[in-house]
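Turn this into a model:
(chains A and B)
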Amino acid sequence: MVNALAWFSQSGVVQGLILGAVLAFLTAILLMNAVARTITTTVNGWSAIRKCGQPGNGVLVRAACAKALPVVNVFEEAAYWTTTVDGSGQTLSGGHGYVLHFPAGKLPPNDAFWSLIPTDIVGYMVNNPTNRYSVGDRSPLAQNADGSVDIYLQHQAPGRHEQNWLPTPSGKFKLTFRVYLPGAAILDGTYQLPSIVKAP
Amino acid sequence: MNRLILKYGRPLTAVILAVFAWVIYRRIASGDGITPLAIAAVIVWVIGAPAFIYLWPRLTVNGYKRAIVKHGFGDGPIPVNTLYAVPGTSSPSASRGSLMATGADDLLYVGGWLDLSKGPQVLHVPDLAGRYFSVQFTDPSTSTNFAYVGKRTTGTKAGDYVLSGPGWKGTVPNGMTQISSPTDSALVIGRVFVESDSDLPIAYGLAKQIQLAPLKQ
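The predicted model follows:
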């Protein structure tokens, strides 16, 4: 008995168990991230997972969704898009200014509301002096002469169009676009959010 | 803490793997065999990875359960079968617990944990007069949403919904709608739309009326 215990403590089995458990955890994370990528659709830099939250999802999709978007609404209740890159694939950063341009009549169709929120990379809101943390359908956004709408995403206040300004964190950031009760054009995929364009 | 792990996940992983590499190197360098170690590691790895994937949704929902029944959102723990309406919208000053710094700032959140093992509960929603709201019921074993009450699914008129666990065989009172839960537990997340700062007290008044009560037999 004592011999067996001595062998157990010196053979490396204990280290092996710990090592195996940590490797299993890391493997699971990598697999869930990989599955999440395969079920993510990205258009114009905006990524969404439409399958999450639905009863009937398989084991892998359930795990990938729980990892990527924990306890998220089903897509027909609320459509979520996120992005950490602009339309050309470059990482969003408070060091640059960006414009989100909606052509006339192309704000997202919905039966409830929409909003756009910048956060840090992890997803937490970041303080800013204006106390403006989102723009959405209730924001008094100014229209251009042709009826289109530009939203200015930058850390410092722009010289003009301040009512269309959404302050971003100073470092790298993430954007989340939510549309509650998305309209038919969003659900069937014909409506797409426009690209984030880096300001010249 | 979670925030730090999320932010520095890769460097932390690299440090942990480096420690393992060092342990294995020490064993080889000191002449001890690594066969028992390798066999144990491979067995745990092969069994453990699918187990983590299978359990991940449950672990995630249990995290929310802990946040609700152990910590609450500012007014202390929220007992099971009680819905708590968070009085303010999400904001960066996450004094109400970090979960509240990740939501939308145009919604009031309502949270609670459902336990149907002692009988059904009745969800009451007030008349929201067209205002957007939803109450999401999430199955903790799969982290999927098995039912919704709200503008999309049931409309915005006042209503009472009987939430019953598996195996319940009672009768649903007149005027109430039954929602069968696949398990005796469920995560409940309510959302009530806030039009503006001046609308906040009205929205909060409505959110507080979204309540659970035991079904009277």
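
Tell me where the model's unsure across chain B.
Applying pLDDT under 70 to chain B flags the ranges B:1-5, B:93-102.

Would you mark the buried spots in stretch A:88-100?
For stretch A:88-100, the neighbour count (16 or more other CB atoms under 10 Å in any protein chain shown) marks A:92-94, A:97-100 as buried. (Glycine included, C-beta is placed from N, CA and C.)

all helices of chain B, in order?
Secondary structure of chain B, counting by DSSP state H: helices at B:2-7, B:9-29, B:35-66, B:200-208.

Could you dump the ones you listed into a markdown table and include distance to A:T40 and mean neighbour count?
Compiled in a markdown table, these are given as follows (distance: least, CB to CB, whole Å; neighbours: other CB atoms under 10 Å in any protein chain shown):
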| stretch | distance to A:T40 | mean neighbour count |
| --- | --- | --- |
| helix B:2-7 | 18 | 12 |
| helix B:9-29 | 19 | 12 |
| helix B:35-66 | 17 | 18 |
| helix B:200-208 | 32 | 17 |
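
will you turn these into CSV that also has distance to chain A?
Listed next are these as CSV, based on distance: least, CB to the nearest CB, whole Å:
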stretch, distance to chain A
helix B:2-7, 5
helix B:9-29, 5
helix B:35-66, 3
helix B:200-208, 12
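
Now do the spatially most central residue of chain B against A:G123, distance only.
With the centre of chain B defined as its mean C-alpha position, the nearest residue by CA atoms, centre = their mean is B:Y64, 3.8 Å away. Going from B:Y64 to A:G123 by CB to CB, to the nearest Å gives 15 Å.

Stretch A:105-112 close to chain B?
Yes. Stretch A:105-112 is in contact with chain B by CB under 8 Å from any CB of the partner chain, via A:111-112.

Neighbours of A:I121, how many?
15 (other CB atoms under 10 Å in any protein chain shown).

do B:A213 as well
B:A213 has 12 neighbouring residues, counting by other CB under 10 Å.

shouldn't it be in contact with B:H124?
Yes. Using CB atoms under 8 Å, B:A213 is in contact with B:H124, at 6.9 Å.

and A:Q10, how many neighbours?
12.

Count the neighbours of the residue nearest to it when sequence neighbours are not counted for me.
Excluding the flanking residues, the one nearest A:Q10 by CB to CB, 6 or more residues apart in numbering or on different chains is B:D32, at 7.3 Å. Look at B:D32: counted by other CB under 10 Å, it has 14 neighbours.

same question, A:A185
14.

Who's the closest spatial neighbour of it, skipping the chain neighbours?
Spatial nearest neighbour of A:A185, chain neighbours left out: A:Y191 (3.8 Å); criterion: CB to CB, 6+ apart.

if we can go back for a sec, just checking, the residue nearest to the centre of chain B touches A:A66?
No. Using CB under 8 Å as the test, B:Y64 is too far from A:A66 to be in contact (10.7 Å).

Is A:V72 part of a helix or strand, or is it coil?
Classification of A:V72 using DSSP: H, G, I helix; E, B strand; the rest coil returns coil.

Let me know the distance separating A:S9 from B:D32.
Noted for A:S9: a distance of 12 Å to B:D32, by CB to CB.

typo on my end, B:G76
As for B:G76, its distance to B:D32 is 53 Å (criterion: CB to CB).

go on, B:P87?
60 Å.

can you check B:P182 too?
B:P182 is 50 Å from B:D32, by CB to CB.

Report the buried residues of the helix or strand A:L17 falls within.
Here A:L17 sits within helix A:13-39, counting by DSSP states H and E. Across helix A:13-39, burial judged by 16+ other CB under 10 Å covers A:13, A:15-29, A:31-32, A:35-36, A:39.

Give me the helices and strands touching the next helix or strand after that helix, please.
Note on helix A:13-39: by DSSP H and E, the next helix or strand toward the C-terminus is strand A:41-43. In terms of contacts (3 or more CB pairs under 8 Å, 6 or more residues apart in numbering or on different chains; DSSP states H and E), strand A:41-43 is packed against strand A:46-48.

going on from the strand it packs on, what's the next piece of helix or strand?
helix A:59-68.

That next one vs chain B: in contact?
Yes. Legend: contact between helix A:59-68 and chain B by CB under 8 Å from any CB is shown at A:59-60, A:62-63, A:65-67.

just the residues you listed now: which is nearest A:S115?
The nearest member of the residues of helix A:59-68 next to chain B to A:S115, counting by CB to CB, is A:C65 at 21.9 Å.

what separates the closest one from A:L26, distance-wise?
20 Å.

Could you chop chain A up by domain?
By the assignment in automatic domain parsing, chain A contains the domains A:1-75, A:76-200.

is it possible to export those domains to TSV including mean pLDDT and distance to B:P120?
Converted to TSV, the domains of chain A look like this (pLDDT from 0 to 100; distance: least, CB to CB, whole Å):
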stretch	mean pLDDT	distance to B:P120
domain A:1-75	91	20
domain A:76-200	92	24
